[in-house]
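Enquirer: I would like the atomic coordinates for the input below:
(one chain, ligands or ions: 1)
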Amino acid sequence: MPRISYVNGQYLPLSQATVNVEDRGYQLADGVYEVIAIFNGLLVDKVDHLRRLARSLNELRISLPVNISALNFIMNETIRKNRVVNGKLYLQITRGVAPRDHAFPANCKSSIVVTVSNVSWPSRDESKQGCCVITAADIRWKRVDIKSVSLLPNVLAKQEAIDASADETWLVNEEGYITEGTASNAWIVTQNNQLVTRQTDENILAGITRKTILKLVQEEGIEIVERPFTVIEAQSAKEAFFTSSTALIKPVTSIDNVSIGNGNSGLMTCALIDKYFEFMENLTENS
Ligand SMILES: Cc1ncc(COP(=O)(O)O)c(C=O)c1O
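Expert: Here you go, the predicted model:
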């Protein structure tokens with residue numbers, strides 16, 4: 001069965017799903033996106049993802065080409081047509097097609113693309129396997145709170161991780177603080193069991209998984225501190241992990257080849273993985 005994607009009003013096999021060469025997303029990275037996990041047939045944290053999408057669009061003065069109920073229909077229909085039960089949905093909206101010029105075009109209809117693909121999510125035990133992180137300079141633009149398709153620095157930094165046989169790169173700003181990962185938010189657990197993650201501002205993407213975890217840990221009485229932390233502090237932390245819609249919660253057992261804690265996935269991290277799986281297993285249509 002060919003994969004079906006939605007492109008500007010049509011459901012098409014992927015091989016025929018094309019965009020105009022003058023689409024501003026293609027030529028100028030003038031667009032935004034969301035990636036939403038599909039777990040047991042349901043979109044994880046759909047409401048929050050659509051809220052962040054609306055914010056990104058608003059910041060860039062791009063309008064949603066369809067209304068929200070149509071967008072919901074399109075997402076569900078793309079999932080249904082592909083018979084995806086566990087997977088991920090990619091949604092991209094660009095400013096649209098216009099003769100190439102930096103200035104916003106007049107009367108340009110925004111473009112929308114939705115694709116879905118299968119993902120075999122890890123089991124809880126598989127999720128608890130540790131991974132390695134390296135660090136690199138954060139050379140991105142100053143509005144990474146907008147989930148824009150302009151991802152070249154993230155692409156290069158992620159490739160650095162792969163080249164170093166690591167799984168993710170944590171980006172470090174000019175003051176020596178870790179901002180976030182190339183496609184994830186960064187967390188540590190300090191020696192006195194504080195859970196620390198950087199506050200949301202223009203220097204990081206406000207991760208939806210991050211937000212859900214903060215909500216889940218509040219019920220556990222864990223002390224949470226939202227503040228920046230350095231590479232040295234992360235390397236001497238008791239535990240470290242990163243989060244995203246597709247990585248879920250990933251324990252970090254080394255940063256730049258320095259072991260974290262006892263070199264195994266942390267106890268709090270593993271407890272949070274259990275909690276997050278419970279959350280996903282109890283999703284409802286409107287979550
Ligand atoms: C730069 C960056 N930070 C954080 C995240 C995590 O966000 P979310 O939890 O919404 O997937 C992502 C996800 O793609 C990302 O690209």
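
Enquirer: What distance do you get for the residue positioned nearest the centre of the chain to the ligand?
Expert: For the chain, residue 244 is the residue whose C-alpha lies nearest the centre (C-alpha atoms, centre = their mean; 4.7 Å). Separation of residue 244 from the ligand (C-beta to the nearest ligand atom, to the nearest Å): 4 Å. (C-beta placed from N, C-alpha, C; glycine too.)

Enquirer: Contact partners for the nearest residue to that residue once chain neighbours are set aside?
Expert: Closest residue to residue 244 apart from its sequence neighbours, by C-beta to C-beta, 6 or more residues apart in numbering: residue 184 at 4.1 Å. Applying C-beta atoms under 8 Å, 6 or more residues apart in numbering to residue 184 gives the contacts 168, 207, 242, 243, 244, 247, 250.

Enquirer: Wait, the first one touches residue 254, no?
Expert: No - using C-beta atoms under 8 Å, residue 168 and residue 254 do not qualify as a contacting pair, with a distance of 11.4 Å.

Enquirer: More neighbours: those two, which one.
Expert: residue 168 (24 against 17; other C-beta atoms under 10 Å).

Enquirer: show me the contacts for the more buried one.
Expert: 131, 133-134, 158, 161, 181-184, 242, 247, 250, 252.

Enquirer: Quickly list the domain ranges of the chain.
Expert: 4-118, 124-281 (automatic domain parsing).

Enquirer: Of these, which is nearest residue 287?
Expert: Proximity to residue 287, assessed across the domains of the chain by C-beta to C-beta, is greatest for domain 4-118 (6.6 Å).

Enquirer: Count the residues that sit near residue 100.
Expert: 10.

Enquirer: about what we covered before: can I get the domains of the chain in CSV with mean pLDDT?
Expert: Shown next, in CSV, are those (pLDDT from 0 to 100):
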stretch, mean pLDDT
domain 4-118, 98
domain 124-281, 97
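
Enquirer: got the residues of the stretch 151-287 of the chain near the ligand?
Expert: Applying C-beta under 6 Å from any ligand atom, one finds that the stretch 151-287 of the chain approaches the ligand through 180, 183, 184, 185, 205, 207, 208, 209, 210, 243, 244, 245.

Enquirer: ok, how many other residues are close to the last one?
Expert: This means residue 245. Neighbour tally, residue 245, other C-beta under 10 Å: 21.

Enquirer: hmm, back to that, residue 12: which of the contacts of residue 168 is nearest?
Expert: residue 183 (27.0 Å).

Enquirer: Is the closest residue to the closest one other than its chain neighbours bridged to anything, and to what?
Expert: The spatially closest residue to residue 183, leaving aside those adjacent along the chain, is residue 244, at 5.7 Å (C-beta to C-beta, 6+ apart). Following DSSP bridges, residue 244 is listed with bridge partners residue 248.

Enquirer: ok so, going back, redo the domains of the chain as CSV? Include distance to residue 287.
Expert: Converted to CSV, the domains of the chain look like this (distance: least, C-beta to C-beta, whole Å):
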stretch, distance to residue 287
domain 4-118, 7
domain 124-281, 9
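
Enquirer: Which positions in the stretch 1-150 of the chain make contact with the ligand?
Expert: So the stretch 1-150 of the chain meets the ligand at residue 35 (C-beta under 6 Å from any ligand atom).

Enquirer: Can you show me the strands along the stretch 151-287 of the chain?
Expert: 168-172, 177-181, 185-189, 195-197, 224-226, 229-230, 239-244, 248-255, 258-259 (DSSP state E, counting those that start in this stretch).

Enquirer: Tell me the gap between the fifth one and the middle of its chain.
Expert: Right, the one you point to is strand 224-226. Relative to the centre of its chain, strand 224-226 is centred 20 Å away, using C-alpha atoms, centre = their mean, to the nearest Å.

Enquirer: ranges for the helices of the stretch 1-150 of the chain?
Expert: Residue ranges of the helices in the stretch 1-150 of the chain, as given by DSSP state H, counting those that start in this stretch, are 24-28, 46-60, 68-82, 124-127.

Enquirer: Can you list the buried residues in the third one?
Expert: Of the residues in helix 68-82, 71, 74, 75, 78, 79, 82 count as buried by neighbour count, 16 or more other C-beta atoms under 10 Å.

Enquirer: what's it packed up against?
Expert: Packing partners of helix 68-82 (3 or more C-beta pairs under 8 Å, 6 or more residues apart in numbering; DSSP states H and E): strand 4-7, strand 10-13, helix 46-60, strand 87-94, strand 111-118.
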